[in-house]
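Student: My questions concern the predicted model and sequence given below.
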Amino acid sequence: MRHRFHRHSLQPGSILPASILLYSILASAVLLVTGCGGSGSPAKTTAPLSIAPTITTQPASQTMLLGRSATFTVAATGTAPLFYQWYRNGVAVSNGNATTFLTPVVTAADNNTTYSVTVTNSAGSVQSAVATLQTGPRAPMLGDLRYLQWEQVPLLSEIGNQYGGVGTEIDGDTVTGTGSLPDPLSIGSFAPYGGSSGNFPSCYWDAENTGIDPEVQILPLMDIFTFGTVIPALGESYAQYLQSVAIPNGVIISMDYHPSCQQIGILQLSTPLSTEPNFDQRMELVDPANLQAQVAADGAASRIVSAATYDKISGKFVLLSYGWQGDTSTAYEAKTLIAQAANVLADAEELANEGYFISACGGDDTGGYALIGMRVMGDSMPRPWYANTGTTNPGDLNHPTSGNLPTLADPAPITPVFFIEEATTNQPETIYNFSEQ
């Protein structure tokens with residue numbers, strides 16, 4: 001039996017049989033898969049490139065006081081994570097692995113040390129510029145209110161001029177400021193302004209202060225200007241009065257006695273912290289010839305003379321020395337000078353250049369001005385200072401006429417230490433202003 005096979009020809013417009021159509025679809029799918037890689041694996045993607053680190057803020061050179069720590073900072077960009085390694089004089093430090101590096105407490109041996117940092121990531125590394133640390137003179141211990149108080153808190157004046165003043169006629173009045181630090185009382189023969197209250201003569205002093213930055217203050221401080229009456233000729237005692245006005249956790253840092261109005265102006269500084277170690281006050285009535293010996297004895301006993309004035313009636317200087325429970329072991333060297341008004345700035349500069357902080361200044365044109373210089377034993381590094389001579393004309397003040405200020409950025413402010421008003425032959429009222437660190 002013969003079978004006949006028929007060849008089918010597809011004419012335009014005709015429809016494929018179902019079997020042929022299915023075969024065509026499958027063949028097309030095989031070709032498509034083969035063209036995309038042949039094995040059926042997914043398409044590959046390209047990883048983003050890592051960006052090597054770049055330093056945007058270099059560490060800055062600075063001056064730091066002895067007894068404090070310096071902080072160096074760097075800022076960098078690049079693909080995270082970034083790794084940091086700080087170096088001191090080219091040697092890696094074990095705890096230097098962050099954007100900031102806090103040095104150990106600065107000593108005199110740290111002067112001119114260098115700091116740098118390397119920033120590294122997966123794409124590479126970059127070395128920072130080298131910053132230099134210079135050492136300044138010794139800073140007071142935090143909480144030691146006996147001298148250079150402005151170095152212990154950030155001032156509002158550092159972020160904007162916030163100075164303010166008040167003048168008060170003294171009838172035993174008290175002016176209190178919280179969260180502020182004061183200028184010392186003006187001293188000298190022309191410091192208080194004459195007036196009267198009732199049937200007796202009276203005086204008043206200018207009380208000036210500057211605010212403490214409340215956001216970052218270290219100690220909540222309070223200044224108190226107290227004005228009272230002391231008449232030694234009538235048997236009234238300085239010691240009794242000064243003890244009666246003393247406040248807890250406080251130090252009298254400036255005083256000025258004027259027998260013409262039979263009154264004394266006093267400036268105290270304190271902290272309300274109940275945990276703050278106490279200060280003990282001792283009044284000393286000293287002959288000018290014994291001034292050096294007395295202050296030296298105080299310093300050897302870890303006491304600091306914080307205020308001085310001159311009593312015309314007895315011809316002696318009245319000193320206030322304080323010990324502090326927060327530090328009973330540090331011994332201080334002393335150097336005292338007695339100068340007339342025209343020479344007081346030159347003598348103050350001499351003390352500062354020899355490393356002494358001026359802890360007290362007081363007197364008048366009769367007995368001269370006692371300048372009390374004290375320093376930690378062996379600390380002879382010059383202290384930054386500036387001095388100014390002017391008159392009562394506005395604009396003559398707050399413009400240093402000479403100084404020894406740091407050449408590098410220094411975080412500690414300059415503290416006013418005395419403000420003298422005196423008469424001279426050329427000017428009726430000359431002002432001598434001295435500040436130091």
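Tutor: Cool, got the structure. Numbers count the residues shown, from 1 in each chain.

Student: Quickly note the distance from Leu49 to Thr120.
Tutor: 17 Å (CB to CB, to the nearest Å). To be clear about C-beta, it is placed using only N, CA and C from the backbone, and glycine gets the same treatment.

Student: same question, Tyr356
Tutor: 47 Å.

Student: Counting neighbours, go ahead and name the busier of those two.
Tutor: Tyr356 (27 against 18; other CB atoms under 10 Å).

Student: The residue nearest to the more buried one when sequence neighbours are not counted: helix or strand, and which one exactly?
Tutor: Sequence neighbours aside, Gly373 is the residue nearest to Tyr356 in space, at 3.2 Å (criterion: CB to CB, 6 or more residues apart in numbering). When elements are assigned from DSSP states H and E, Gly373 belongs to strand 368-376.

Student: Could you tell me how far the residue nearest to Thr103 when sequence neighbours are not counted is located from Gly124?
Tutor: In this structure, Thr103 finds its nearest non-sequential neighbour in Ala70, 4.7 Å apart by CB to CB, 6+ apart. Counting by CB to CB, the separation of Ala70 from Gly124 is 29 Å.

Student: same question, Phe101
Tutor: In terms of CB to CB, Phe101 sits 22 Å off from Gly124.

Student: returning to that earlier point: residues touching the residue nearest to Tyr356, list them.
Tutor: Going by CB atoms under 8 Å, 6 or more residues apart in numbering, Gly373 touches 334-337, 351, 354, 356-359.

Student: before we move on, what about Ala80?
Tutor: So Ala80 contacts Asn121 (CB under 8 Å, 6+ apart).

Student: Leu408 contacts Met64, correct?
Tutor: No. Using CB atoms under 8 Å, Leu408 is not in contact with Met64, being 9.4 Å away.

Student: what about these two, which has more around it?
Tutor: Counted by other CB under 10 Å, Leu408 and Met64 do not tie: Met64 has more neighbours, with 25 against 14.

Student: Burial check on Glu215, number of neighbours?
Tutor: 8.

Student: ditto for Asn112
Tutor: Asn112: 10 neighbours (other CB under 10 Å).

Student: How about the contacts made by it?
Tutor: Counting by CB under 8 Å, 6+ apart, Asn112 makes contact with 132-134.

Student: same thing with Thr54?
Tutor: 76-78, 126.

Student: Before we move on, what's the pLDDT of it?
Tutor: We have a pLDDT of 97 for Thr54.

Student: again with Thr229
Tutor: At Thr229, pLDDT is 62.

Student: now swap in Asn121 and tell me
Tutor: 97.

Student: Skip the chain neighbours and tell me the closest residue to Ile414.
Tutor: Nearest non-adjacent residue to Ile414 (CB to CB, 6+ apart): Ser435, at 4.6 Å.

Student: Was I right to think that neighbour contacts Arg383?
Tutor: No. Taking CB under 8 Å as the definition, Ser435 is not a contact partner of Arg383, at 10.4 Å.

Student: Going C-terminal from the strand holding Gly373, what's the next secondary structure element?
Tutor: Once the chain leaves strand 368-376, the next helix or strand it forms, by DSSP H and E, is strand 385-391.
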